[in-house]
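> what's the 3D shape of this:
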Amino acid sequence: MAEETPILVLGAGPVGLTAALLLARRGLPVVLLEARTSRAVTGSRAICQQRDVLDVWESLGAGAVAEEGVTWGTARTFYRDSELFSVRLADAGASPFPPFVNLSQARTEEILGACVAAEPLIEVRRGHEVVGLDQDAAGVVARCRTARGAVSVRGGYAVACLGARAGWARQALGVAFDGRSFADRFLICDIRADLPGWERERRFYFDPEWNPGRQVLIHPCPGSVYRIDWQVPPDFDLAREEASGGLDRRIRMIVGDRGYEVVWRSVYRFHTRVASRMRVGRVLLAGDLAHLVAPFGARGLNSGVHDAENAAWKLAFVARGWAGEGLLESYQAERSAAAAENAEVTGRTMRFLVPQDEAGRRWREAVLRRAVADPAARALVDSGRLFEPFWYVDSPLTTPDPGRPFGGRPERGAVPAPCPGVLVPDAVVE
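I've put the predicted structure just below:
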């Protein structure tokens, strides 16, 4: 492929913006196609960004995400009015970044979008809704719907970051999206309020008196905004809840008599689904197009950014003739394995949060009751294992070292010892 041939990036969400920047950083021209004519300006959505993702963004000029985000390093878990445990997140090295920051997806997209706008190798075409994909031995053609009619855009390869709802793209590529959806729904509210002592920690509540029988998750965000997720019944109706005063009562049960402002609210369902292939010829699938997981553990966007990072350097090597098509197939091997692990971890969390039968409900209740006084039972409580970079110990690109074997998944809040395939801890270089 000639170096002048652009790489297509389909979708300008955080994963697509990151992919475009990473490709341009390696000197490749990019055409970024996006259906929306403008970005969303409100709504927390994917808020929780892990330190290794912050590292990627800082290298692209988007260090403002880490600077503006609310830093937190403690995750607290409660059962009713009792705190079961808290986890302080580890740093195996000397990272300049905190374990996590919280920043709204809208602001993250704005920061990344400004970096894209300043990059001469990236051409952004908004109002281009990709509706078809064709590929041949020489490249990929994205067929787009625009206000001026149908348009076709050609590139050497494509990174498809079209989001969860682009089922047509998976179907056109012959990719299955097996998994399951959960019936229970979740209500999100971003509220602005003063909650002293809650500004630097994540709080997870099982069966609180203000949401009996279900869960509540609370995250701090910049500007005294808190994101609150309530598990609600399958028939929950947000308009009815607001009209009846039920939403105000929900919020008051948390904030008390303090004043508050609702900044944004939405209702969503959880899904656990993984694409059967993440590489189909010259098209690499990334982000929600390739995998959907429950947000407990912040494994959606963070994993999508690692998809983009993995795809970009491999496409650069192939585009310059430094590697063959086999290197692209390692994207399939590595990132499909990462997606499968995220699905397994979050699926286990959801089975604990939303038991599917009476036996499961009784077992969970027994675990939570025991965990109040029994430290041994606390290891069984699953409120979401937080994201960590996937460990490529089984990758075809990794040469094992018998002297440094992989010890498996570490305890909650810990990190594995360095070995081939595991991200090397940061160190101070003088």
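> Backbone torsions only: list them for Asp257.
phi -90, psi 0 (degrees, to the nearest 10).
> Sorry, slip of the keys, the one I care about is Val305.
Taking degrees, to the nearest 10 as the convention, Val305 sits at phi -60, psi -40.
> Nearest residue to it in space, ignoring adjacent ones along the chain?
Distances taken as CB to CB, 6 or more residues apart in numbering place Val53 nearest to Val305, at 4.7 Å, with adjacent residues excluded. Where C-beta positions appear, they are placed from N, C-alpha and C, glycine not excepted.
> Look up phi and psi at that neighbour.
Torsion angles, degrees, to the nearest 10, at Val53: phi -70, psi -40.
> so it makes contact with His306?
Yes: at 7.4 Å, Val53 counts as touching His306 under the criterion of CB atoms under 8 Å.
> More neighbours: which of those two?
More neighbours surround Val53 than the other of Val53 and His306, with 29 against 23 (other CB atoms under 10 Å).
> who's in contact with the more buried one?
Contacts here follow CB atoms under 8 Å, 6 or more residues apart in numbering; on that basis Val53 touches Leu301, Asn302, Val305, His306.
> again, only using 10 Å
Shown in contact with Val53 (CB atoms under 10 Å, 6 or more residues apart in numbering): 14, 18, 65-66, 97, 100-101, 108, 298, 301-306, 308-309, 387, 389.
> Roughly how far does it sit from Glu341?
17 Å (CB to CB, to the nearest Å).
> same question, Gly246
With distances taken as CB to CB, Gly246 is found 38 Å from Glu341.
> the more surrounded of the two?
Shown here are Gly246 and Glu341; by other CB under 10 Å, Glu341 has more neighbours (17 against 14).
> Now do the more buried one, the pLDDT please.
What the model reports as pLDDT for Glu341 is 94.
> so where is the chain shaky, pLDDT-wise?
Counting by pLDDT under 70, the chain has low-confidence residues at 1-3.
> out of all of them, which helix in it is the longest?
helix 325-353 (DSSP state H).
> Give me the angle between the next helix or strand after that one and helix 325-353.
Using DSSP states H and E, the next helix or strand after helix 325-353 towards the C-terminus is helix 358-371. Helix 358-371 runs at 80 degrees relative to helix 325-353, counting by axes from the mean of the first three to the mean of the last three CA atoms, to 10 degrees.
> rewinding a little: which neighbours do Val53 and His306 have in common?
Contacts common to Val53 and His306, judged by CB under 10 Å, 6+ apart, are Thr18, Phe387, Pro389.
> In a strand, the first one, correct?
In other words, Thr18. No: Thr18 is assigned helix when assessed by DSSP: H, G, I helix; E, B strand; the rest coil, not a strand.
> May I have the residues that are in contact with it?
Counting by CB under 10 Å, 6+ apart, Thr18 has contacts 9, 53, 56-57, 60, 62, 108, 112, 115-116, 159, 161, 286-287, 301, 304-309, 311-312.
> What about these, which are in helices?
Per DSSP H, the contacts of Thr18 map to helices at 53, 56-57, 108, 112, 115-116, 301, 304-309, 311-312.
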